[in-house]
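Undergrad: Below are the sequence and a predicted model; questions follow.
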Amino acid sequence: MKTSIEQIVAAAGLALAIANGSSQASVITFDDPNSNAIISQQFTSFSVGGLTFTQNGGGLTYVWNADSPNSNGTNNLISAFGSYLAITKTGGGLFDLSSLDLTISWYDSEPTESVLINATPFVLTQGMQTFNLGLTGVSQVNIADIGNNGGYWALDNITFNWITFNQIPGAPAASVPEPTSIWLLGLGLAGFAFSRRKKARLGDI
């Protein structure tokens, strides 16, 4: 009986490992202690929540609180006057970037502005809005500054997946299995282990 219990536990653990191996959804809000520690301090590279943000071209980038123009009431990352902000997976590797929130921020009174995200234009407004990017298997996402030194944009709520297994760049992101599916898989593996144990005992008779 002890061996059967150990096999069941091992099978359930294997099922959970398979579920976690596809992708892990995360959201970066810049509201954790690591972000709060650098509010109003300029940085060129900053890592939080599994992603790294790097300013290119000598611009200005900060994590700022809700006082920034068009803030959604929480901390935002704001950037301007460089060439682009690069988002990469901390430590390197591929990731999926599903969506993020962007708005026009400091020193820009225009009703709309255009920025390039990985060479695709997106129109920002004077209010935070969600952009569904659907970028899969990327090693870097570049968000260009507003043209003609127009001012800052503000960024928040970055939804992304870490790719933990090898995934073909550009392929659809693997979905995280539902909890029910995990348990069904675990029960199936446990049943298989129990069946093998039972056959082995019959063979000993």
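TA: Sure, I can see it.
Undergrad: Quick check: can you name the pairing partners of the helix or strand harbouring Phe131 and their directions?
TA: Taking DSSP states H and E as the definition, Phe131 sits inside strand 129-138. Note on strand 129-138: by DSSP bridges, its sheet partners are strand 95-104 (antiparallel).
Undergrad: List the buried residues in the partner strand.
TA: By neighbour count on 16 or more other CB atoms under 10 Å, the buried set for strand 95-104 is 95-98, 100-104. Any C-beta I mention is one placed from the backbone N, CA and C, and that applies to glycine too.
Undergrad: Thought Ser47 was touching Ile28, still the case?
TA: No. Judged on CB atoms under 8 Å, Ile28 makes no contact with Ser47 at a distance of 10.4 Å.
Undergrad: Give me the more crowded residue out of these two.
TA: Legend: neighbour count by other CB atoms under 10 Å for Ile28 and Ser47, higher for Ile28 (21 against 14).
Undergrad: For that one, which residues are in contact?
TA: 48-51, 157-158, 160 (CB atoms under 8 Å, 6 or more residues apart in numbering).
Undergrad: For those, which entry has the maximal number of neighbours?
TA: Of these, Phe160 is surrounded by the most neighbours, 27 neighbours in total, counting by other CB under 10 Å.
Undergrad: Pretty sure that residue sits in a helix.
TA: No. Secondary structure of Phe160 (DSSP: H, G, I helix; E, B strand; the rest coil): strand, not part of a helix.
Undergrad: Just confirm it contacts Gly93, I think it does.
TA: No. Taking contacts as CB under 8 Å, Phe160 lies outside contact range of Gly93: 12.0 Å.
Undergrad: Mark out where each domain of the protein begins and ends.
TA: 2-20+178-204, 31-163 (automatic domain parsing).
Undergrad: Pick out the shakiest of those, pLDDT-wise.
TA: Here the lowest mean pLDDT among those goes to domain 2-20+178-204, at a mean of 50.
Undergrad: Could you point out the helix or strand that follows the strand holding Phe131?
TA: Counting by DSSP H and E, the element after strand 129-138 in chain order, helix or strand, is strand 140-144.
Undergrad: who's in contact with that next one?
TA: Residues from elsewhere that reach strand 140-144 (CB under 8 Å, 6+ apart): 79, 83-88, 97, 102, 115-119, 133, 135, 153, 155.
Undergrad: Now, those that are in helices?
TA: Among the contacts of strand 140-144, none falls in helices (DSSP state H).
Undergrad: Could you list which residues are in contact with Phe46?
TA: Contacts of Phe46 (CB under 8 Å, 6+ apart): 38, 52-54, 61, 63.
Undergrad: ok, so of the residues you listed, who is nearest Ser109?
TA: Ranked by distance to Ser109 (CB to CB), the contacts of Phe46 are led by Thr61 at 21.3 Å.
Undergrad: partners of the closest one in the sheet?
TA: Beta-bridge partners, per DSSP bridges, of Thr61: Ser79.
Undergrad: Asn161 versus that one, what's the distance?
TA: Per CB to CB, to the nearest Å, Thr61 is found 24 Å from Asn161.
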